[in-house]
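[1] mind folding the following:
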Amino acid sequence: MRFANLREEKIAKKYKELGIQNPHDLTIENLSSLFKIKVNYYEYETDCLYNDKCAMMYINNQQSKEDIRKDFFHEMAHYFVHCGDQRDMPLEFERLQERQAHWTSLYLSMPRYIFEPIMNEVKSLIELREIFALPDSMIKERVRMIRQQNQTEMQYMRIKKSEESRINRSLNKGKVYKSTLAILNQLKNQVGEEKLSNDVKSLL
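    Residues are numbered from 1 along each chain as shown. Okay, the predicted model is just below:
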């Protein structure tokens with residue numbers, strides 16, 4: 001089980017359908033081609049215009065390669081999950097969309113099925129930065145997110161295993177809880193012992 005949200009799962013599914021399997025497939029050139037995004041580089045603030053079929057992206061090229069990619073994935077996130085023009089939106093709604101775009105940009109730039117195996121193999125943040133060409137802050141946040149998901153999964157599995165063990169112990173003859181026996185005997189009296197399954201009879 002993976003404790004990923006639906007948006008993360010949707011992105012992973014779409015990526016896999018398009019044959020995105022390794023960091024080399026996560027280039028701006030490849031993704032812009034696959035998702036019908038026209039990328040223009042210029043000297044001003046990064047922006048993106050889009051509808052439900054295509055996007056026109058303007059990226060500030062007066063910054064590092066890592067920040068260019070950060071901007072690309074942020075604007076791609078808006079294109080992937082939002083509609084409408086932020087200039088006509090209430091401020092609080094605009095802020096909500098910006099937070100959503102931030103988290104979605106992490107899923108788009110470092111999909112878990114690609115990122116996690118590499119994360120577990122490499123020995124430093126520097127190596128991850130070289131492989132994914134993203135700012136350290138984004139990579140650290142993605143690592144933290146995945147580790148948190150793994151801890152949640154491990155905790156869930158421990159609880160599940162403990163609960164299954166408790167249920168299995170309680171359904172062995174001679175170890176059935178008195179409250180369970182009372183319910184089973186009540187059932188026997190109501191429907192007749194002949195109608196009980198063999199599994200239930202074996203507990204009485």
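
[2] going by C-alpha atoms from here, please, whenever you check contacts or count neighbours.
    Will do.

[3] lowest-pLDDT helix or strand in this structure?
    Sorted by mean pLDDT, DSSP states H and E, the helices and strands of the chain end with helix 198-201, the least confident at a mean of 63.

[4] now the helices for this structure?
    6-17, 28-34, 65-81, 91-109, 112-121, 125-132, 136-170, 178-191, 198-201 (DSSP state H).

[5] now do the domain split for this protein, please.
    6-155, 171-204 (automatic domain parsing).

[6] ok, back up a step: pick out the shakiest of the helices of the chain, pLDDT-wise.
    Across the helices of the chain, helix 198-201 has the smallest mean pLDDT, namely a mean of 63.

[7] any idea what residue 48 is bridged to?
    residue 57 (DSSP bridges).

[8] residue 39 and residue 54 touch, don't they?
    No: counting by CA atoms under 8 Å, residue 39 stays clear of residue 54, with 11.1 Å between them.

[9] okay, stretch 23-34 in CSV with CA atoms only?
    Coordinates of each C-alpha in stretch 23-34 appear next as CSV, following Å, rounded to 0.1, in the frame of the first residue of the first chain:
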residue,chain,number,x,y,z
PRO,A,23,15.0,11.1,-14.9
HIS,A,24,16.1,11.5,-18.6
ASP,A,25,12.4,11.5,-19.5
LEU,A,26,11.7,14.4,-17.2
THR,A,27,13.4,17.1,-19.3
ILE,A,28,11.6,20.3,-20.2
GLU,A,29,11.9,19.4,-23.9
ASN,A,30,10.3,15.9,-23.5
LEU,A,31,7.5,16.9,-21.1
SER,A,32,6.6,20.0,-23.1
SER,A,33,6.2,17.9,-26.2
LEU,A,34,4.2,15.2,-24.5
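
[10] looking at residue 39 and residue 54, which is more packed in?
    residue 39 (17 against 14; other CA atoms under 10 Å).

[11] if I pick the closest residue to residue 38 other than its chain neighbours, what's in contact with it?
    What sits nearest to residue 38 in space, not counting adjacent residues and going by CA to CA, 6 or more residues apart in numbering, is residue 56, at 4.8 Å. By CA atoms under 8 Å, 6 or more residues apart in numbering, the residues touching residue 56 are 37-40, 48-50.

[12] now do the end-to-end distance for stretch 9-26.
    End-to-end distance for stretch 9-26, by CA to CA, to the nearest Å: 17 Å.
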